[in-house]
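Asker: Here is a sequence with its predicted model. Questions after.
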Amino acid sequence: MIDVTCAIIMRENKVLVTQRSEKMRIPLKWEFPGGKVEENETAEDCLIREIQEELSLKIEIFKRLKPSAYDYETFSIRLIPFIVFSKSGQIVLAEHKSYKWLDKSELRALDWAPADIPILEEFLQFSL
């Protein structure tokens, strides 16, 4: 089981979602951005590092949500979600194909990576 963090990044009542590139596993699916937790790294430190590396954003962690385990055919992950706020930076995509800032009401319409769906559902029940 691989521990992976993901960020539900909020800015001005919008949520940042990213689309996986054609080269990534689960290509072209939408997700909350993040990445693998490295050895001797906390989930929080991982998230801050990954968002900086992948999107060039600085974030502030607000709340940790319930992790979600998901078994893909060739690997299993434990997705550790956080609600965060974008503090500074302009988005520069290092790995993803695309991104969008959406209202909460628009999120269900996307073609999500399967592991992100339980995270999405919990987030939609959450009120800031």
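Answerer: Perfect, I can see it now. Numbers count the residues shown, from 1 in each chain.
Asker: which residue ranges form the strands in the chain?
Answerer: Remark: strands assigned in the chain by DSSP state E are 2-11, 14-19, 30-31, 34-36, 58-64, 68-71, 76-88, 98-102.
Asker: Skipping its backbone neighbours, what lies nearest the most centrally placed residue in the chain in space?
Answerer: Residue closest to the average C-alpha location in the chain (Cα atoms, centre = their mean): Phe32, at 2.4 Å. Excluding its sequence neighbours, the residue lying closest to Phe32 (Cβ to Cβ, 6 or more residues apart in numbering) is Cys6, at 4.0 Å. C-beta coordinates here come from the backbone N, C-alpha and C atoms, glycine included.
Asker: Any idea what that neighbour is bridged to?
Answerer: Gly34, Pro81 (DSSP bridges).
Asker: Next one, pLDDT for it please.
Answerer: If you check Cys6, the pLDDT there is 98.
Asker: quick one: it from Arg49, how far?
Answerer: Distance, Cys6 to Arg49, using Cβ to Cβ, to the nearest Å: 13 Å.
Asker: Comparing those two, which residue is more hemmed in?
Answerer: Legend: neighbour count by other Cβ atoms under 10 Å for Cys6 and Arg49, higher for Cys6 (27 against 16).
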